[in-house]
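quick check, what structure comes out for this input:
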Amino acid sequence: MSGAGSGALPPGRRELLAWAAGLGAVTAEALAASAPMPLASARGRLAAAERAGAMRAWRHLRDEPALYTVTRAGLRSTEVVGLRPASVSPGGARHAGACCAAAAFLSRAFTGHTVLGEPALRRAERERGRPFALLDARLRPGGGRAAHRPDLLLIGPARGEQPIAVEVELTVKGPERLASICRAWARSREVSGVLYLAAGDVLGPLARALDAVGAGERVVVLALDALG
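Residues are numbered from 1 along each chain as shown. Reported below is the predicted structural model:
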């Protein structure tokens, strides 16, 4: 069996690996929706990349899709720079799956835009020399401003156009922390707006936090169930 870095890559694999590396972790369902392609074909492509050593599968959650990340060999084969191999912890698997599903939805809904996941977002911040938002000082013990990254960043095709931050919320944060994050987004001039994709039990607390800090004009909230 040939390794991930040997010879010419099979058709479509370079694009697959670059896409997955930028998001961090992907599922066959997200690949099928983004491509688009039949789900069986998406599963076959990911399985083939895993057999070649270019991707690793993480199966932490029963009855949930496997998550695939790009290995070091896979990154070398695509000549992607500035990114490291990602991993998926048991505690982070559900959120990682929701983020790649959201990325697939956004890529379909916003044709011509680019969706950055956390790895690509970190690289973009290193290149620009500053983060895309800053939280309130009281969120960090002992004071000081704490950097906060959105889960995804939606970048438009126009030069100089400010991006849209995307937050994927599955669990309810403490009221003070949630309000502080919403306040930071309301004040941020690094993004043109914020899209929250939230689980059902998060919608109420999130709406109250937005109302409390007056952030409703810059933040749009959608239920994750609405993504389909």
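
can you find the helix or strand of this protein with the lowest average pLDDT?
Within the chain, no helix or strand scores below helix 175-187, which has a mean of 85 by mean pLDDT, DSSP states H and E.

so what touches the following helix or strand past it?
As assigned by DSSP states H and E, the chain's next helix or strand after helix 175-187 is strand 193-198. Strand 193-198 is contacted from outside by 98, 102, 150, 154, 164-170, 185, 206, 218-224, 227, using C-beta atoms under 8 Å, 6 or more residues apart in numbering. Where you see a C-beta, it was placed from the backbone N, CA and C, and this is true even at glycine.

before we move on, what about stretch 208-223?
Contacts of stretch 208-223 (C-beta under 8 Å, 6+ apart): 175, 178-179, 181-183, 185-186, 193-200, 203, 206-207.

in it, what counts as buried?
Ala209, Leu210, Val213, Ala215, Arg218, Val219, Val221 (16 or more other C-beta atoms under 10 Å).

check stretch 171-184 too.
For stretch 171-184, using 16+ other C-beta under 10 Å, the buried residues are Leu178, Ala179, Ser180, Ile181, Cys182, Arg183, Ala184.

max-length helix in the chain?
helix 93-109 (DSSP state H).

same question for that helix, mean pLDDT?
The average pLDDT for helix 93-109 rounds to 95.

and it, what other elements does it pack with?
Contact here means 3 or more C-beta pairs under 8 Å, 6 or more residues apart in numbering; DSSP states H and E; on that basis helix 93-109 packs against helix 13-23, helix 28-34, strand 67-70, strand 114-116, strand 152-155, strand 164-169.

contacting residues around the closest residue in space to Thr78 that isn't next to it in sequence?
In space, and not counting its chain neighbours, Thr78 is closest to Leu17: 4.6 Å by C-beta to C-beta, 6 or more residues apart in numbering. By C-beta under 8 Å, 6+ apart, Leu17 lies in contact with Ala49, Ala54, Met55, Val70, Gly74, Leu75, Ser77, Thr78, Val80.
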